[in-house]
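Asker: please find the sequence and the predicted model below.
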Amino acid sequence: MTLGHTRFQANSNDLHQDPLVVGLHIQGRFDAEGLPPTLSRIDKARERGCSRFLIDLEHVSFIGSAGIGIFLSLVEEMRNEGGGVVFSHVPPSILRIFEVLNVLEFLEIVDDRERALKLLLAPEQQPSP
Amino acid sequence: MAEMEKDILEERDLAALRKRILGLETLLELTRSLVSVQERKRLEGFLMLTVMGILSVSRAILLARLDEEDSFRIHARGLRGEEVRENLRLRPSGLFARRMRVARGLVDLRADGLPEREARDIRYLKKNRLHHATPIRMKDKLYGILILGERVGAGKIAPFESQMLRSMLDIAGIVMDNADLYDEMRKANLSIQEQNERLKGLDQMKNQFLSTMGHELRTPITCIIGFAECLRYPGIEDDKKEEFANNILGQSNRLTNLIDQVLDLSALSEQSLTLHPEKGNVNTLIQEVAESLKIDIHHKKLSLDLELNPTLPEAYFDTKRTGRAVRNLLDNAIKFSPENGHVKISSAVDEDEVSITVSDDGQGIPEEAIPSIFERFHQLDSSDTRSYGGAGIGLSLVKEIMEKQGGSVSVESRPGKGSVFTLRLPRTPKPESEPSDPVEQEAAT
């Protein structure tokens, strides 16, 4: 599994509110082996004060339970902090797993990056009740 | 209509089957992964995330038990870390901890009948929507408590999921047990390494001791032989003969004292040295020791003050060995005092003790060296050894002699200002140690 890390710069109107959205681009098998580097990247981003994540799953071939655990806890934490997590380019096989686990409604899933950024940077982006 | 219902049922069955397959795959992955993780924190984090994933839970806390004292490390997911650290204090004697010690499987905290007014821990968990808790154990040992929030999707935890959770936690218990054993093994290895270093240090001390002892023995013998040869020359004046004879006597005494000390040290090591404390007056002892070192004091042109309390009560001590202890301190004071310096011995009484203080205005002892000066074979450094002589056994012998008869020795010193050594002796006999109770010993093992 390889992990890409992209920083998206928001437009100037949003800078004073939340200047950064961290993009995580995950590839291959997202299982026990891939957890430590992913967690490390998430922790570093959070230390910088980032509370908005765009997670691109386009090239993920497998996701294990611990990987799903990370996503669920990250979504909950970011909502608690007034941020958010959006998943983009989710392959059908991964969607099926989300569906089996009944977590589809809990996750924000979009088709493309532009829509994801729009959601993350929307002023109404607030924690779910 | 019937066809549609059949389709829905088949779809549901299929979903359940998929979930079951995912669960089994997870169990397999967990087993494979957990056994390769030996570090406890990583293990706990991985376990928590896996359970969250398979049960679709977005918030969880893992309380990892750290030791037998019931202290817990907190891992939290989906909650604000600060909030957890500030608010959650699991009290070992609290209801929640006690409930978890006996629980088997997942406990629904809402339905468990735990009285909220008594359980602050439970109130905190409920407030944060953490409704289920389960112990992680191996046999009867509690390794941690996993507390889970609500599921993000609808639905209760199915029996199959409960069963899978039990299997996961059973594996986790075994792996945590292994991780603890691994930790213990690592600590034991470190301890062996430390012992090894200590033994190396002792070996080095022994070599240094042998080398110094050779020097210490050779010096008086050389003097004795030299002065004895001088005495054989015809025509030596009588006053010179007396001086040579005194030198031979002085060096012989020094040699005898050194050999006695080595024998005492050896006897103390083998626990075969028996002291015979008796009631006596330390002033007399001090005067005798001072008298025996008069020649050395005279040679170094030192002034010796005796400040002896005339109303000193008697104390309990072994005359021969305590005399040796006082002599060692006085020897050191003479050795480390500059020419024309001052040495003082005083006696005093405290409530239960009689004290003997030997002070000098010599070079003093550096603060960092004070804790180790009473260790066997310890010397300040090799250059001091050459300048002042000594085998590094005098002070350790003083300490061991004093402790063996219920007394003590202490030192105060400042570099350049001199040192003050104080011996304390009991005024009443040291109580005999009582034989241990064999029944208690058996119960303890």
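Answerer: Everything's here; your move.

Asker: tell me the centre residue of chain A?
Answerer: Closest residue to the average C-alpha location of chain A: A:I55 at 3.5 Å, with C-alpha atoms, centre = their mean.

Asker: that one belongs to a strand?
Answerer: Yes. With DSSP: H, G, I helix; E, B strand; the rest coil as the criterion, A:I55 is assigned to a strand.

Asker: for A:L72, give its distance to chain B.
Answerer: For A:L72, the distance to chain B (C-beta to the nearest C-beta, to the nearest Å) stands at 4 Å. To be clear about C-beta, it is placed using only N, CA and C from the backbone, and glycine gets the same treatment.

Asker: the residue nearest to the centre of chain A contacts A:V90, correct?
Answerer: No. A:I55 lies out of contact with A:V90 (C-beta atoms under 8 Å); the separation is 9.1 Å.

Asker: surely B:K187 forms part of a helix?
Answerer: Yes. According to three-state DSSP, B:K187 belongs to a helix.

Asker: tell me, how many residues neighbour it?
Answerer: Residues contacting B:K187 under the criterion other C-beta atoms under 10 Å in any protein chain shown number 10.

Asker: what's near enough to touch the residue nearest to the centre of chain A?
Answerer: For A:I55, the contacting residues are A:23-24, A:26, A:71, A:85-88, by C-beta atoms under 8 Å, 6 or more residues apart in numbering or on different chains.

Asker: what do you get if the cut-off is 6 Å, keeping everything else the same?
Answerer: A:I55 makes contacts with A:24, A:87, as judged by C-beta atoms under 6 Å, 6 or more residues apart in numbering or on different chains.

Asker: if it is in a bridge, with which residues?
Answerer: A:L24, A:F87 (DSSP bridges).

Asker: give me the number of neighbouring residues for the residue in chain A that chain B sits nearest to.
Answerer: Residue nearest to chain B within chain A (C-beta to the nearest C-beta): A:N102, separated by 2.3 Å. Neighbour count for A:N102, taken as other C-beta under 10 Å: 16.

Asker: give me the pLDDT for the residue minimising distance to the centre of chain B.
Answerer: For chain B, the residue nearest the mean C-alpha position is B:S191 (12.0 Å; C-alpha atoms, centre = their mean). We have a pLDDT of 86 for B:S191.

Asker: so it: helix, strand or coil?
Answerer: Classification of B:S191 by three-state DSSP places it in helix.

Asker: state the distance from it to B:E184.
Answerer: 10 Å (C-beta to C-beta, to the nearest Å).

Asker: quick one: the strands in the chain, in order.
Answerer: Assuming you mean chain A. In chain A, the strands defined using DSSP state E lie at A:3-9, A:20-30, A:52-63, A:84-88, A:108-110.

Asker: that was the other one, I meant chain B.
Answerer: B:60-65, B:72-77, B:107-108, B:130-138, B:141-149, B:278-280, B:303-307, B:315-317, B:342-349, B:353-360, B:408-414, B:418-426.

Asker: give me the contacts around stretch B:16-32.
Answerer: So stretch B:16-32 is contacted by A:64-65, A:100, B:50, B:54, B:164, B:167-168, B:171 (C-beta under 6 Å, 6+ apart).

Asker: for stretch B:413-424, what is the average pLDDT?
Answerer: Across stretch B:413-424, the average pLDDT comes to 91.

Asker: now stretch B:20-40
Answerer: Here the average pLDDT along stretch B:20-40 is 69.

Asker: please determine how far B:E242 is located from B:G226.
Answerer: 16 Å.

Asker: what about chain A, any weak spots by pLDDT?
Answerer: For chain A, the stretches with pLDDT under 70 are A:1-19, A:123-129.

Asker: residues of the stretch 1-150 of chain B that sit close to chain A?
Answerer: Taking C-beta under 6 Å from any C-beta of the partner chain as the criterion, the stretch 1-150 of chain B approaches chain A at residues B:15, B:18-19, B:26, B:29, B:33, B:46, B:49-50, B:52-54, B:56, B:58-59, B:77-78, B:80.

Asker: so who does the residue of chain B found nearest chain A touch?
Answerer: Proximity of chain B to chain A (C-beta to the nearest C-beta) peaks at B:G153, 2.3 Å away. Neighbouring residues of B:G153 by C-beta under 6 Å, 6+ apart: A:102-103, B:56.

Asker: ok, the closest residue to it other than its chain neighbours to A:R96 distance?
Answerer: Nearest in space to B:G153, with sequence neighbours left out and distances taken as C-beta to C-beta, 6 or more residues apart in numbering or on different chains, is A:N102 at 2.3 Å. To A:R96, A:N102 is 12 Å away according to C-beta to C-beta.

Asker: in terms of pLDDT, where does the residue of chain B closest to chain A sit?
Answerer: pLDDT at B:G153 comes out at 78.

Asker: try B:D238
Answerer: 85.

Asker: what about it, distance to B:R99?
Answerer: 98 Å.

Asker: again with A:P91
Answerer: A:P91 is 43 Å from B:R99, by C-beta to C-beta.

Asker: still on that earlier bit, more crowded one of B:E242 and B:G226?
Answerer: Taking neighbours as other C-beta under 10 Å, B:E242 and B:G226 compare with B:G226 leading, 13 against 10.

Asker: contacting residues around A:H59?
Answerer: By C-beta under 6 Å, 6+ apart, the neighbours of A:H59 are A:Q27.

Asker: swap in 8 Å and give it another go.
Answerer: Here A:H59 is in contact with A:25-28 (C-beta under 8 Å, 6+ apart).

Asker: chain B contacts on chain A?
Answerer: A:31-32, A:35-36, A:39, A:64-70, A:72-73, A:75-77, A:80-81, A:96-97, A:99-103, A:105-106 (C-beta under 8 Å from any C-beta of the partner chain).

Asker: same thing but at 7 Å, please
Answerer: A:31-32, A:35, A:64-70, A:72-73, A:75-77, A:80, A:97, A:100-103, A:106 (C-beta under 7 Å from any C-beta of the partner chain).

Asker: show me chain B divided up by domain.
Answerer: B:13-186, B:273-426 (automatic domain parsing).

Asker: in ChimeraX, how would I select just the buried ones from the residues of the stretch 1-150 of chain B next to chain A?
Answerer: With 16 or more other C-beta atoms under 10 Å in any protein chain shown as the criterion, this ChimeraX line picks the buried residues out of the residues of the stretch 1-150 of chain B next to chain A:
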select /B:19,26,29,33,46,49,50,52,53,54,56,58,59,77,78
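
Asker: neighbours around B:K139, how many?
Answerer: Residues within reach of B:K139, counting by other C-beta under 10 Å, total 7.
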